[in-house]
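Chemist: Sequence below, structure please.
(chains A, B, C and D)
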Amino acid sequence: MTTPTVEFRNITMKFGDKVAVQDINLSIKSGAFVVLLGPSGGGKTTLLNILGGFLEPTAGQVLVNGHDVTHTPSSKRPTTTVFQDYALFPHMSIAGNVAFGLKMRGVPKSRQNQLVEQALDMVGLTHTASRRIHELSGGQRQRIALARALVVEPSVLLLDEPLGALDMKLRRQMQEELKSIQKRVGTTFIHVTHDQEEAMAIADEIVVMNDGFIEDIGAPERIYLEPASLFTANFMGENNIIEGRIIDRKEGDSGTQCLTVNTPLGQIPVNCVTPPEVSEIVLSIRPEHLHTGEPENGHVTLGVATVMDSGFFGTHHQCTVHLGETDTTLKVRLSQKDMVSAGDVVKLSADPGDFVALFR
Amino acid sequence: MTTPTVEFRNITMKFGDKVAVQDINLSIKSGAFVVLLGPSGGGKTTLLNILGGFLEPTAGQVLVNGHDVTHTPSSKRPTTTVFQDYALFPHMSIAGNVAFGLKMRGVPKSRQNQLVEQALDMVGLTHTASRRIHELSGGQRQRIALARALVVEPSVLLLDEPLGALDMKLRRQMQEELKSIQKRVGTTFIHVTHDQEEAMAIADEIVVMNDGFIEDIGAPERIYLEPASLFTANFMGENNIIEGRIIDRKEGDSGTQCLTVNTPLGQIPVNCVTPPEVSEIVLSIRPEHLHTGEPENGHVTLGVATVMDSGFFGTHHQCTVHLGETDTTLKVRLSQKDMVSAGDVVKLSADPGDFVALFR
Amino acid sequence: MRYMARNLPAIFYVALIYGFIFLPVAVLVLFSFQETRLPIPPFNGPSFKWYEAIFSDARMMDALGNSVIVAVISSAFSAALGFLAAYSLARFRLPTPRLLQGILTAPLTVSYLIIAMGLLITFNAINMPKSLLTIGIGHVVINMPLCFAILYSQMGEHQANVERAARDLGAREWQVLVLISIPMLWPALFASFFLSVTFSWDEFIIAFMVSRFDVTLPVEIWSMLRTGLNPKTNAVGSLVFLVSFATVIVLDFIVFRKRRS
Amino acid sequence: MRYMARNLPAIFYVALIYGFIFLPVAVLVLFSFQETRLPIPPFNGPSFKWYEAIFSDARMMDALGNSVIVAVISSAFSAALGFLAAYSLARFRLPTPRLLQGILTAPLTVSYLIIAMGLLITFNAINMPKSLLTIGIGHVVINMPLCFAILYSQMGEHQANVERAARDLGAREWQVLVLISIPMLWPALFASFFLSVTFSWDEFIIAFMVSRFDVTLPVEIWSMLRTGLNPKTNAVGSLVFLVSFATVIVLDFIVFRKRRS
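Modeler: Model prediction:
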């Protein structure tokens, strides 16, 4: 087995009485684009600061490339950071900013110029080399911060909500750019954000953090479609949460168990790899997995619902529907051209495979 | 014909040399939820301030309920405003804030109390009446600002980016609430925002503004699916813009003309109500209207494309594809469970009805 | 990486600086408790007899009374006039923030000695006799720019928006002023008034040059100093220091509490 | 609704206030150009003879030289020591912003008269002879808190982040200080230095009490004033005012330009 690029071992960080992260174990393999995702105060920035050398953990060890760096100052770590406010040096030119790390490492002047030019080329800003920071736009500053951090060829690049200050359009564009730069240079990127769309768009692997703990780790598709916890299910996009009770357990295919869950919407069969011991669980189903009209083959019917309100969002309609019999309110996403309005009555159905059983 | 609640007649506003809005004519009918949408600096807030009485236009007239209010101070207009920073009175209780407008109108004390209670009830904050502003959360402050402005029963309520300071989740929730309060009270709402999703979600009618001009006016579905201008097409969600040339014009059904447009993607038939005289036009097509795989009946094939990159966004995948033959890059939205990755080759097709012809 | 050990030199340095700044005042206070007549080491107190001597000195008590009257009345005028000036200026958009900064800070940098000389000539020219009134006018001249600057800094975009909201809801200009602007700026008004009081309380040179028979405490101290330093002058000095320091502390406390509640 | 007509009273009021503040100084400057011996109306100038008289007065020129020396050297120390104190304090998170505000503003509110008395006792106690050095020390005591407050206010979260970025890229502590912190704070250092210069330049009471043979310009003016006001004292006063006002203007200009470029 190869050595992971980054390894957190039992990391705990307390600020006074407040526990920011608690007993975190996490390995990150070389060349991955990992996103630490979670609400503010979830501990993701603290973890990044511990890795960057700006905080010393209360307990535990941090290893980079197999070496313990827990007590190494940030200036001696093979990590560099792109800060949220970019933290560019306002009194230096763009080239001066990018060259700073090389200068500190004693790289010869001619080699410095060469590397700075390459780095500026990578972010498409060669023409700005002699300009000053305040002459650049937000997106350009972001790119310079990236170039400055990457030019010293760190083992790991840390990105602390680097797109937080940009507007939505620029943000989506920079996401694509970040992703493509990461692919090209092959450096391990660890990116902190609270924006789940951003996380899904750029990550190879998402680490969902909440309240100092890791809630879920996995590829974006897995995290979105089969969240491991209730928190993840709610945090990653919109969701309907339905309480239920396991009334039957059968062995299914390939080691999974097939549970039958009794819910207000009827009995729903759910496949589950590691079924819980308790029988009270919740099922989650995404608005786009609820269908109206005649149920397709293999789908379960969930009853007849009245549309409470409906909003148009361009690519889709989002409705709130109410099932009178069981007094359940659900969010449903309908296609762009489905025209429903408040008061309409619709039949609801869903593919049982789209339900996810959650027990924590 | 009934008198419109608000009428702007040839409104022009200059700040020194800068023209903020130019020769605007706009009628707003009673009970509508109208959203002024556009980028910052587009003139939408200026228009709102002219209506609210905070700016006097350089030229033109403003009418409310048929009366010219162009030179009436804001204190005497039948309009009230919900400000972006809420502008609540920090030294008064919640009830004191809501009662302020009534007090200024000399409403008797007992009636004041009654109306304040009703208004707080409407926004679900009756229990906070005796609290102070700083004890409330952002969403609660927003609701109090709304209650304070609505309690005096204005003819028109002006909302100046009222949700701008809230985070995404709260924002979507407040949108629904605003919409439902507007339905209940029936007051004309004029809401300014730069968020096109917000505009689509709440508006009965969207007025798209750019650079001091009105680009488009209409229902959200119409604006999104059949934008009247290139600016609108680009501003409302993502879009692919393809240049083309009209090579044939035929009379179509119900007074429309059927144009045949020659584009890099082949010849595309487009229906058009008011066709242009020039032959150089652009076609827009949304990413979700491009399909992969075997073309459906009646769809036009657009060629074979290579996937450049693909991102997962939860409810869908968003890809960039490249048509090698014609060197065209397009954005394509694929379904949640379509798994494509960079390098895959796909056949592209689309319903010709989804193309929109634009000439300005 | 906030190591206590690494911070120790910094803590030590800050403490040293504070020692340096406050040493003279500490020495002054210490020797006001000296038993013997000369304020030189060794210290042989503590004795409160010099404080007793002050409080039984009628001239001293008169001066103290004068100081209080001048401080309170001139500060009330400074705060009121400063508020009106700030409120007026806040109605405009000024062409450059630099010009604004100049307008606000320029009067603060003129020396009290120069102002005192100018006042003296002006009062001579208009034949105004030297009195507590002339001292008070002098203190308004030096304190009003300060009040103006403090109050203006509190009248930002948000304050303007809140006033706009009041107008939007039907308030007339006087109602905006009385019901909204003044209550919202109460902490700043309070702060301006009390800061003015402390500056007026221990101002010497203007009070000296534009007064004749009725003098304030600092001027009285000055005449005592002609006979040299002694524990009695130290005791008065300590008293002046204590009062102004206490005012600042109380001010901090009240304004801070006001902002939280 | 920004009607010029509605704004006129406000403009008028602001102008009136400025007239009131600057009237004494304007009168002082005007009568420095008086032809005759007495600075009372009617004005019968302009005459430059009193300015000539100053520049040919050796005592006056000595005092002017002393003032410049004390101002420049004491201000350099104030700015340097203030920078170190601010840099040290910025390393900590203080428990409350209120405490911090107290630490920063408390020394600024202590009266110069009190500080002068304290310094006099302290210098007596340690047997330090009165000289330009003692004046300089006095001016460091009053100006360092000001420099400290100005510099500290510029060391925000962003500055700390930029320093962190430099460390992250491999800079040692001294490199962070020399290559990042000082260049970034240059405008604030500049401002502190020049503000200190103006305050030292026209400070009278400390300079008077802790000096003996070598005196500064304000002290020299004071001794001239014993013989009463005359156009010559007005001319020196105007000169002092002009220099400090010019310094403030130049300072505003340079710091402002520095921030823009």
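Chemist: For the residue most central in space within chain A, which three-state class applies?
Modeler: Centroid check for chain A by Cα atoms, centre = their mean gives A:A199 as the closest residue, at 3.4 Å. Look at A:A199: counting by DSSP: H, G, I helix; E, B strand; the rest coil, its state is helix.
Chemist: tell me the contacts of it?
Modeler: Listed by Cβ atoms under 8 Å, 6 or more residues apart in numbering or on different chains, the contact partners of A:A199 are A:35, A:37, A:193, A:206, A:220. In this view, the C-beta of every residue, glycine as well, is placed from N, C-alpha and C.
Chemist: Let's have the residues you listed in JSON lines, adding neighbour count.
Modeler: Output for those, formatted as JSON lines (neighbours: other Cβ atoms under 10 Å in any protein chain shown):
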{"residue": "A:V35", "neighbour count": "27"}
{"residue": "A:L37", "neighbour count": "29"}
{"residue": "A:T193", "neighbour count": "23"}
{"residue": "A:I206", "neighbour count": "29"}
{"residue": "A:P220", "neighbour count": "23"}
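Chemist: how about a markdown table for those, with secondary structure added?
Modeler: Formatted as a markdown table, these follow (three-state DSSP):
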| residue | secondary structure |
| --- | --- |
| A:V35 | strand |
| A:L37 | strand |
| A:T193 | strand |
| A:I206 | strand |
| A:P220 | helix |
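Chemist: farthest pair in these?
Modeler: Pairwise distances across the contacts of A:A199 (Cβ to Cβ) peak at 12.5 Å, for the pair A:T193 and A:P220.
Chemist: what packs against the strand or helix carrying C:A79?
Modeler: Per DSSP states H and E: C:A79 is located in helix C:58-89. The contact analysis (3 or more Cβ pairs under 8 Å, 6 or more residues apart in numbering or on different chains; DSSP states H and E) places helix C:58-89 against helix C:132-154, helix C:186-201, helix C:217-225, helix D:4-31.
Chemist: Buried residues, it. List them.
Modeler: Neighbour counts over helix C:58-89 (16 or more other Cβ atoms under 10 Å in any protein chain shown) mark C:60, C:63-64, C:66-68, C:70-71, C:73-75, C:77-89 as buried.
Chemist: before we move on, what about stretch A:176-185?
Modeler: Here stretch A:176-185 shows A:176-179, A:181-182 as buried, counting by 16+ other Cβ under 10 Å.
Chemist: Just give me the closest of these to B:R131.
Modeler: Nearest to B:R131 among the buried residues of stretch A:176-185: A:L178, at 44.1 Å, using Cβ to Cβ.
Chemist: Might one say that that closest one is in contact with A:E198?
Modeler: No: counting by Cβ atoms under 8 Å, A:L178 does not reach A:E198; the two are 9.5 Å apart.
Chemist: Using PDB, write out every CA atom in stretch A:247-267.
Modeler: Extracted as PDB, the C-alpha positions of stretch A:247-267 are listed here (Å, rounded to 0.1, in the frame of the first residue of the first chain):
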ATOM      1  CA  ILE A 247     -41.600  -4.600   9.600                       C
ATOM      2  CA  ASP A 248     -39.700  -7.200   7.600                       C
ATOM      3  CA  ARG A 249     -36.100  -8.100   6.800                       C
ATOM      4  CA  LYS A 250     -35.100 -10.500   4.000                       C
ATOM      5  CA  GLU A 251     -31.800 -11.500   2.500                       C
ATOM      6  CA  GLY A 252     -31.400  -9.700  -0.800                       C
ATOM      7  CA  ASP A 253     -28.900 -10.000  -3.700                       C
ATOM      8  CA  SER A 254     -25.200  -9.700  -3.200                       C
ATOM      9  CA  GLY A 255     -25.100  -9.500   0.500                       C
ATOM     10  CA  THR A 256     -27.600  -6.700   1.000                       C
ATOM     11  CA  GLN A 257     -30.700  -7.000   3.100                       C
ATOM     12  CA  CYS A 258     -34.100  -6.100   1.800                       C
ATOM     13  CA  LEU A 259     -36.100  -4.300   4.400                       C
ATOM     14  CA  THR A 260     -39.800  -3.600   4.200                       C
ATOM     15  CA  VAL A 261     -40.500  -0.200   5.900                       C
ATOM     16  CA  ASN A 262     -44.000   0.900   7.000                       C
ATOM     17  CA  THR A 263     -44.400   4.600   6.400                       C
ATOM     18  CA  PRO A 264     -47.300   7.000   6.100                       C
ATOM     19  CA  LEU A 265     -46.900   6.600   2.400                       C
ATOM     20  CA  GLY A 266     -47.400   2.900   2.500                       C
ATOM     21  CA  GLN A 267     -45.000  -0.100   2.700                       C
END
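Chemist: which residues touch that stretch?
Modeler: Counting contacts by Cβ under 8 Å, 6+ apart, the residues outside stretch A:247-267 that touch it are A:242-246, A:268-273, A:275, A:279, A:281, A:283, A:300-303, A:323, A:326-328, A:348, A:355, A:357.
Chemist: Show me which residues of the stretch 151-300 of chain A are close to chain D?
Modeler: Listed as neighbours of chain D in the stretch 151-300 of chain A under the rule Cβ under 8 Å from any Cβ of the partner chain: A:V152.
Chemist: With just CA atoms, put stretch A:275-282 into CSV.
Modeler: The C-alpha coordinates for stretch A:275-282 follow below in CSV (Å, rounded to 0.1, in the frame of the first residue of the first chain):
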residue,chain,number,x,y,z
PRO,A,275,-29.1,-2.8,8.2
PRO,A,276,-29.7,-1.3,11.7
GLU,A,277,-30.7,-3.2,14.7
VAL,A,278,-33.4,-0.8,15.7
SER,A,279,-36.6,-0.8,13.8
GLU,A,280,-37.4,2.9,13.8
ILE,A,281,-35.7,4.5,10.8
VAL,A,282,-36.2,7.3,8.4
